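Q: Return a 3D structure for these sequence lines:
(2 chains)
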Amino acid sequence: METSRDSPGGGSNISFCGFANDLKAVSCKAVLYSEFPLMKLIAASDSSLLIVFGDVMSPALHARVMSLFFALRRRNDPRIRNLHPAYASLLIDFDPLRLTHDELSSLVQQLAPAQDASALDRPANIVTIPVCYDVEFGPDLLEVARHAGLSPEEVVRLHSSPTYLVSFLGFSPGFAYLGGLPEALHTLRLATPRPLVASGSVGIAGSQTGIYPSDSPGGWRLIGRTPWRMFDPQAASPTRLQPGDSVKFSPIDRVTFDALQRGAEAQLR
Amino acid sequence: MTIRVVKPGLFTTIQDLGRYGYAHLGISSGGAADSLSFRIANRLVGNDDNTPALEMTLLGATLEFEETAIVAITGAHCECKVSTPLHGANGRGGDAGPAQLPANTACELPARTVLECGSMSRGARCYLAIQGGFETPLVMGSASTFVTGHFGGFQGRNLQKGDILRVRQQSSLRRRALRPGALEWLRAPQALRVTKGPQQEWFAPEAFEQLLSTAYVVSEHSDRRGVRLNGAALRPPTRSELLTEGVPLGAIQVPQDGQPIILLVDQQTTGGYPKIANVIAADLHRVGQLRPRDEVRFVEVSMPEAVQALAEQEHWLEDIFDS
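A: Numbers count the residues shown, from 1 in each chain, chains lettered A, B, ... in the order given. Take a look at the predicted model:
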C-alpha cells in the first residue's frame, strides 16, 4: 500500500514548493489548531497533533524537528504513544482519553526550539556503513554515471564522500531517508519500480539516498549494497540508524563484502 | 497446552493491541484491526485486554485443541462448528453432527475438540481469544504479527497448516458473560465519523462535501495496511505536492487517482499524499470490519464530539458485561 509519492517503493519524484513565509495567511480555521511564529499546530486527528515547521527540505527546519522530537522523547510521557518525525514536521500520536490537544499544544510550546535551534543537544551519532559498489549490487550505477556525465568511479567517490543526515525513518521498518546527496548525483527514480529489491541495497532518488532494510519492491536507483543488516526486530535497538544520526559510506570490495556478510550471519545464529 | 492448525483459513494472525513507541523507526502500531471486538473476546474469557489472540479474516481457521480450553469468538458473524471425540467427529456419535459454537460467549471445549470456523458475513474479521492467551515472544514489546516486516506473532507470518500454537494456561481467570443483545448495534451499518484532515483546505471546497455525500465501495485491494475505496473520484488538490510527513491511524488520504484510502493498523508511518479527513478513534473498529464491496459513507463530527464518542465507548465497554 503506497502511501507516499517520494517513498522508495515507487511513485514519482517529489517536487519542491516554496514555504509561505507569511504564516498569518491561513484560511481554514476548522483544521488549523493554533499558530505560532515558526510553527503551525494542526489537530490531524482526534488522537494526534501535527507540528509543521515548514514545507521544504532544509537542514534548519529539520534541526527544529529533531530538537522537539528529542525533547519529547526525553520526557517519556506515557500519554504520548508515538512520534513520527519527518523533513519539516512532527506528528505526535497520543491517547485522547488522557491528554487533550490543548494540553499537548502547551507542552509543545514549552519545548519548541528557538529559531536557531540545533539538534546538537544530543551526542552526534556518526555511523559509517560499508558499501560494495560492484555493478552486481548496483545495477543502476552505470545509468546514474551516464546521467551525471561522470565515470562510475567518480559516482562512487561522490556518493561516499559526504556526511549524510538521517532525516527520518519511514516507508518500511528501518528505512532511513538520508539527506545531503551531492547535486551531481540527483537522479530521477525508475519509471517502473522493481518488484523486488534485496535488503541492504543502496539507492538514490531525487536529492536523497537510502538503504533498503528488507526485501521489498523499490523504485530508487540502486548503486550498491551493504552487508550490514539495517533492521533486526529482535535487537534491543532494532534499527542501525535513528532520526538525526549522521551517516558516512565507506566503499568496500567484494571480498570484504562477503566476509562482513558472513560475520553478520554468524551473529544471527 | 497446544493447538494444532488443521486449516489456516484465509489470513489468520496472532495480534494484541499493538506496538507503540517505534513509529520514529518506521514501525507502525499494528495490533488487532478491530480492537473493540478483540478486547471483548479477551474479557469474555477473563484475560487482560492486551492478551495475544487470533485475528481471522473472511474465512476462519480450523483448529484442534490438545486439552480443555475456554475460548470466545467475537467480531464478524462466523459459523463455528465444534466436533468433540464424544459426538460428531465421525458422524456416529449419537448426536446430529457437529455442534455450533455460539458467538460472543465464553465456551469450554473438551480435549481433542476440533473447532471449524467458516466464512464470515457482516464484517471481515473474527477474534478467537483463549483463556490464558497464546504464548508468543514479544517483539518490541508486542505480540502483534506484522506480516509485511516478517516479525511478531507466530514466526512473523500468518498461520499455515500444521502450525502448533502454544497456549499459556491460567486457571485462576474467571469467565464473563455479556448482557443479552449488548453487541447488536455493532454490526449495524453506520456512516463512519470523520474529522477534517490536515490538508482538507488544500482541496477544492466541494471535495469535502463530495466525500460526505458519496457512497464508496470497498475495493478488493484492501488489507491491514489500508482500506481502498472506489467511488466518484475526488479532485486532488491543485496545490503543489505535500512534503512527506507523519500520518495518523485512520487518515483518509487521496492519491492522484482521487480514490480515497483509509489507513489501517499496519500503515506506513509517513506519507506524501494529502489527507482530507480522518476516521475518529471510536470508529476505527468499524474500518477493521470493512469487507470488499461493502458500502462506506462518511459523516463529519467535531473534535470534541470525536473524543466524547471514544470516552462513551469506553464506558459502554465497562457496562456490557453481566458478570
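Q: In contact with residue 174: list those residues for me.
A: Chain wasn't specified; assuming chain A. A:213-214, A:230-231, A:238-241, B:25-26 (CB atoms under 8 Å, 6 or more residues apart in numbering or on different chains). Yep, even glycine has a C-beta here, placed from its N, CA and C like the rest.
Q: let's do chain B instead
A: Neighbour list for B:Arg174: B:Gly46 [criterion: CB under 8 Å, 6+ apart].
Q: Between which two of the contacts of A:Gly174 is the distance greatest?
A: Largest separation among the contacts of A:Gly174 by CB to CB: A:Ser214 and A:Leu241, giving 13.8 Å.
Q: Of those two, which one has the most company?
A: Between A:Ser214 and A:Leu241, A:Leu241 has the larger neighbour count (other CB atoms under 10 Å in any protein chain shown), namely 25 against 20.
Q: Got the phi and psi for the closest residue to that one other than its chain neighbours?
A: Distances taken as CB to CB, 6 or more residues apart in numbering or on different chains place A:Ala176 nearest to A:Leu241, at 4.2 Å, with adjacent residues excluded. Phi and psi for A:Ala176, reported as degrees, to the nearest 10, are phi -100, psi 130.
Q: number of nearby residues for A:Ala176?
A: Other residues near A:Ala176 come to 29 when the count uses other CB under 10 Å.
Q: any idea how far it lies from B:Gly272?
A: Per CB to CB, to the nearest Å, A:Ala176 is found 16 Å from B:Gly272.
Q: which parts of stretch A:85-99 are buried?
A: By neighbour count with 16 or more other CB atoms under 10 Å in any protein chain shown, stretch A:85-99 contains the buried residues A:85-94, A:96, A:99.
Q: Next, format the residues you listed as CSV and append distance to chain B, secondary structure and pLDDT.
A: Converted to CSV, these look like this (distance: CB to the nearest CB, whole Å; DSSP: H, G, I helix; E, B strand; the rest coil; pLDDT from 0 to 100):
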residue, distance to chain B, secondary structure, pLDDT
A:Pro85, 6, strand, 98
A:Ala86, 5, coil, 97
A:Tyr87, 5, coil, 95
A:Ala88, 6, coil, 96
A:Ser89, 4, strand, 97
A:Leu90, 7, strand, 98
A:Leu91, 3, strand, 98
A:Ile92, 8, strand, 98
A:Asp93, 6, strand, 98
A:Phe94, 10, strand, 98
A:Pro96, 5, coil, 98
A:Leu99, 10, coil, 98
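Q: beta partners for the closest residue to chain A within chain B?
A: In chain B, no residue comes nearer to chain A than B:Gly246, which is 2.6 Å away by CB to the nearest CB. On the basis of DSSP bridges, B:Gly246 is bridged to B:Thr270.
Q: dump the residue contacts of it.
A: Listed by CB under 8 Å, 6+ apart, the contact partners of B:Gly246 are A:50, A:83-86, A:89-91, A:93, B:23, B:269-270.
Q: mind listing the helices for chain A?
A: A:59-75, A:101-111, A:141-148, A:152-159, A:254-268 (DSSP state H).
Q: So which of these is the most surrounded?
A: Of the helices of chain A, the one with the most neighbours on average (mean count of other CB atoms under 10 Å in any protein chain shown) is helix A:59-75, at a mean of 20.
Q: Quick check: which ranges of chain A have low pLDDT?
A: Low-confidence segments of chain A (pLDDT under 70): A:1-6, A:10-37, A:113-123, A:268-269.
Q: Domain-wise, how is it divided?
A: For chain A, the structural domains run A:32-111, A:126-268, going by automatic domain parsing.
Q: Relative to B:Asn42, which of those domains is closest?
A: Here domain A:32-111 is closest among the domains of chain A (CB to CB), at 18.9 Å.
Q: the bottom helix or strand of chain B by mean pLDDT?
A: Least confident element among the helices and strands of chain B, by mean pLDDT, DSSP states H and E: strand B:99-100 (a mean of 92).
Q: Can you give the distance of that one from its chain's centre?
A: Computed by CA atoms, centre = their mean, to the nearest Å, the separation of strand B:99-100 from the middle of its chain amounts to 24 Å.
Q: Summarise which helices and strands that strand is packed against.
A: Helices and strands touching strand B:99-100, by 3 or more CB pairs under 8 Å, 6 or more residues apart in numbering or on different chains; DSSP states H and E, are strand B:69-83.
Q: Give the buried residues for the strand it packs on.
A: By neighbour count with 16+ other CB under 10 Å, strand B:69-83 contains the buried residues B:69-76, B:78, B:80-83.
Q: circling back to that earlier point, so what strands line up beside the least confident helix or strand of chain B?
A: The strands that strand B:99-100 pairs with in its sheet are strand B:69-83 (antiparallel) (by DSSP bridges).
Q: could I get the partner strand in PDB with only the CA atoms?
A: C-alpha atoms of strand B:69-83 as PDB (Å, rounded to 0.1, in the frame of the first residue of the first chain):
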ATOM      1  CA  ALA B  69      -9.800 -24.800  26.700                       C
ATOM      2  CA  ILE B  70     -12.000 -21.800  27.300                       C
ATOM      3  CA  VAL B  71     -12.500 -19.700  24.200                       C
ATOM      4  CA  ALA B  72     -14.600 -16.900  22.900                       C
ATOM      5  CA  ILE B  73     -15.300 -15.700  19.300                       C
ATOM      6  CA  THR B  74     -16.200 -12.100  18.600                       C
ATOM      7  CA  GLY B  75     -16.300  -9.800  15.600                       C
ATOM      8  CA  ALA B  76     -17.800 -10.700  12.200                       C
ATOM      9  CA  HIS B  77     -20.500 -13.200  12.100                       C
ATOM     10  CA  CYS B  78     -18.900 -16.600  11.600                       C
ATOM     11  CA  GLU B  79     -20.400 -20.100  11.600                       C
ATOM     12  CA  CYS B  80     -18.200 -22.100  14.000                       C
ATOM     13  CA  LYS B  81     -18.700 -25.800  14.400                       C
ATOM     14  CA  VAL B  82     -17.200 -27.900  17.200                       C
ATOM     15  CA  SER B  83     -16.600 -31.600  16.900                       C
END
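Q: can you give me the offset of it from its chain's centre?
A: That offset, for strand B:69-83, works out to 15 Å (CA atoms, centre = their mean).
Q: Next, give phi and psi for B:Thr62.
A: According to degrees, to the nearest 10, B:Thr62 has phi -110, psi 130.
Q: now it, which residues is it bridged with?
A: If you apply DSSP bridges, the partners that B:Thr62 bridges to are B:Lys7, B:Glu116.
Q: Isn't it up against B:Val6?
A: Yes. At 4.1 Å, B:Thr62 and B:Val6 qualify as touching, with contact defined as CB atoms under 8 Å.
Q: Residues touching the helix ranked longest in chain B, excluding its own?
A: Using DSSP H, we find that the single longest helix of chain B is helix B:303-319. Applying CB under 8 Å, 6+ apart, the external contacts of helix B:303-319 come out as A:43, A:46, A:96-97, A:100-101, B:36, B:39-40, B:43, B:193, B:195, B:280-283, B:301.
Q: Following element in sequence after the least confident helix or strand of chain B, please.
A: As assigned by DSSP states H and E, the chain's next helix or strand after strand B:99-100 is strand B:107-109.
Q: Which residues belonging to that next one are considered buried?
A: B:107, B:109.
Q: B:Ala177: neighbouring residues, count only.
A: Using other CB under 10 Å, B:Ala177 is surrounded by 14 other residues.
Q: can you give me phi and psi for it?
A: With angles defined as degrees, to the nearest 10, B:Ala177 sits at phi -130, psi 150.
Q: who wins for most neighbours among the contacts of A:Gly174?
A: A:Pro213 (29 neighbours).
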